[in-house]
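*Asks:* take this sequence and fold it.
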Amino acid sequence: MSVPVLRTAEEISTLPLASFDVSQAELFRTDSHWEWFARLRREDPVHFCGQSIFGPYWSITTFRDIMEIEKNHQDFISAPGITLADRPKDFETFNFIAMDPPKHDVQRKTVQGVVAPMNLAKLESTIRARAVRILDSLPAGETFDWVDRVSIELTTQMLATIFDFPFEERRKLTYWSDMATSGELSGGPTPEPARRKALLECLEYFTELRNRRINEPPKPDLLSMLAHGQDTRDMPPMEFLGNLILLIVGGNDTTRNSISGGVYALNQNPGEYDKLRANPGLIPNMVPEIIRWQTPLAYMRRTANRDIRIRDKTIREGDKVAMWYVSGNRDADEIPNPDRFWIDRPNARHHLSFGFGVHRCMGNRLAEMQLRILWEEIMKRFRQIEIVGDIERIQSSFVKGYATMPVVVHPW
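*Replies:* This is a model prediction of the structure:
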């Protein structure tokens, strides 16, 4: 049985390892997961949890073990899902990240063009113009919520663009993303009936949009690509919904929480903020360090496709396996001084936040570009973004992020 999460480091060091359940959402809402993972890396890096709200599962907590599993997609498959929560049989959604080759490859290829280098180059001026408008609208000297005014707004505007979604209704995308990842079956606060209702609204709205795109010439947006793609245009409704949620969450939650995470990291490390003020040219290197330090998705799940040994443990066919990126990104055997936020860190791209192998995040360059542009524009305007109150974190062991962050911006 799992134990309460609010424990001192000394208490955590003496608890029976069999009682560890690092999938508890409360660990992440209270930012108290670090010492739990540190002990697993030291003493039981391939750890079996026999009882949780998700049922039994294995935790993989070191950088190298996670990489080995990511590379071995034959023995550790993505079907039937990427989170520890089992899909309800009466409401099963499917998406390409929860598929395996060859079907995964075909569906991913259909939409990957939206983040091709040529399209990213075209998007850069759009992102910068929007970042400028958002930042210029902020009230200097007044407290406001950075998450809502900046992190959500910038990423939701970008998401509306790559879907060619009605711009004035873009906050629907934020709502659907939040509902998709906050369900009570995953340890979140949203009742399952409310989550299903919201996702069915999402499906209905996007089905109408897709039907319009089918009758229009192909365009370089995600929805048009899905509507015209030979292997995606006839998707069953729940597979269409699953891919929509994947693309919405992937394009929203991860970048949004890295934007907020960068502000939090700099507030926690004022020496690094001084370094940034002295040399804004460090921004391109700071961006991957923010993404590593924040790790916006705490883990990805795989399922064992056969009995297989990792270190001294035998994982049985059908067992759930959680690759804890949030732990691997703090593994001192692979990353020097991993708990340090270090904006000029050598080899800053050496992290797990985007995954690895066939499922590596296809939007990683877009995410980095949004962060880079935003921080370039921030440093032109503000000497400091100061956190002035208690932040609220998301109640989830999958999406690792922020619900609110009260700040005051101080112009130069």
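
*Asks:* give me the low-pLDDT residue ranges for the chain?
*Replies:* The model of the chain has pLDDT under 70 over residues 1-4, 89-116, 118, 357-360, 362-363.

*Asks:* tell me where the longest helix sits in it.
*Replies:* In terms of residue count, the longest helix belonging to the chain (DSSP state H) is helix 237-268.

*Asks:* quick one: name whatever helix or strand follows the helix or strand harbouring Arg64.
*Replies:* Following DSSP states H and E, one finds Arg64 within helix 63-71. Next helix or strand after helix 63-71 toward the C-terminus (DSSP H and E): strand 76-77.

*Asks:* neighbouring strands for that following strand, and are they parallel or not?
*Replies:* Here strand 76-77 has these sheet partners by DSSP bridges: strand 300-304 (antiparallel).

*Asks:* show me how far the following helix or strand past the strand it pairs with is from its chain's centre.
*Replies:* Sequence order places strand 308-310 as the next helix or strand after strand 300-304, per DSSP H and E. From the chain centre to the centre of strand 308-310 is a distance of 27 Å (Cα atoms, centre = their mean, to the nearest Å).

*Asks:* list the buried ones in strand 308-310?
*Replies:* Ile308, Ile310 (16 or more other Cβ atoms under 10 Å). For every residue, glycine as well, the C-beta is placed using N, CA and C.

*Asks:* quick revisit: so how far is the helix holding Arg64 from its chain's centroid?
*Replies:* So, by Cα atoms, centre = their mean, the centroid of helix 63-71 is 18 Å from its chain's centroid.

*Asks:* now what about it, what contacts it?
*Replies:* 45-46, 60, 76, 302, 310-311, 321, 323-325, 328-329, 331, 333-335, 352, 355-357, 359 (Cβ atoms under 8 Å, 6 or more residues apart in numbering).

*Asks:* list buried residues within those.
*Replies:* Buried among the contacts of helix 63-71 by 16+ other Cβ under 10 Å: 45-46, 60, 76, 302, 310, 321, 323-325, 328-329, 331, 334-335, 352, 355-356, 359.

*Asks:* from these, which ones fall inside strands?
*Replies:* With DSSP state E as the criterion, strands contain Val46, Ile60, Phe76, Arg302, Ile310, Val321, Met323 from among the buried ones among the contacts of helix 63-71.

*Asks:* is it true that the fourth one touches Gln74?
*Replies:* No: look at Arg302 against Gln74 with Cβ atoms under 8 Å: they stay out of range, at 11.0 Å.

*Asks:* how about the strands in the stretch 51-200 of the chain?
*Replies:* Taking DSSP state E, counting those that start in this stretch, the strands of the stretch 51-200 of the chain run over residues 57-60, 76-77, 144-145.

*Asks:* tell me which of these is the most buried.
*Replies:* For the strands of the stretch 51-200 of the chain, the largest average neighbour count (mean count of other Cβ atoms under 10 Å) is found in strand 57-60, namely a mean of 24.

*Asks:* would you mind writing the CA trace of that strand as PDB?
*Replies:* Extracted in PDB, the C-alpha atoms of strand 57-60 (Å, rounded to 0.1, in the frame of the first residue of the first chain):
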ATOM      1  CA  TYR A  57       3.600  -1.100 -12.600                       C
ATOM      2  CA  TRP A  58       7.400  -0.900 -12.900                       C
ATOM      3  CA  SER A  59       9.300   2.400 -12.400                       C
ATOM      4  CA  ILE A  60      12.500   2.900 -14.600                       C
END
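
*Asks:* can you list contacts of that strand?
*Replies:* The contact list for strand 57-60, computed with Cβ under 8 Å, 6+ apart, reads 20, 22-23, 40, 45-49, 66, 69, 84, 301, 310, 313, 315, 319-324, 327.

*Asks:* which among those residues end up buried?
*Replies:* Buried among the contacts of strand 57-60 (16+ other Cβ under 10 Å): 20, 22-23, 40, 45-47, 49, 66, 69, 84, 301, 310, 315, 319-324, 327.

*Asks:* who are the contact partners of Glu204?
*Replies:* No contacts exist for Glu204 under Cβ under 8 Å, 6+ apart.

*Asks:* just the buried residues of the strand or helix carrying it, please?
*Replies:* Using DSSP H and E, the element containing Glu204 is helix 192-214. Buried residues in helix 192-214, counted by 16+ other Cβ under 10 Å: Arg195, Arg196, Ala198, Leu199, Cys202, Leu203, Tyr205, Phe206, Leu209, Arg210, Arg213.

*Asks:* could you pull up phi and psi at Leu15?
*Replies:* phi -70, psi 150 (degrees, to the nearest 10).

*Asks:* is it true that it touches Val5?
*Replies:* No: at 11.1 Å, Leu15 does not count as touching Val5 under the criterion of Cβ under 8 Å.

*Asks:* which of these two has more residues huddled nearby?
*Replies:* For the pair Leu15 and Val5, the greater number of neighbours falls to Val5 (18 against 13), based on other Cβ atoms under 10 Å.

*Asks:* burial count for the closest residue to Phe398 other than its chain neighbours?
*Replies:* Leaving aside its sequence neighbours, Phe398 sits nearest to Thr83 (Cβ to Cβ, 6 or more residues apart in numbering; 5.3 Å). Neighbour count for Thr83, taken as other Cβ under 10 Å: 23.
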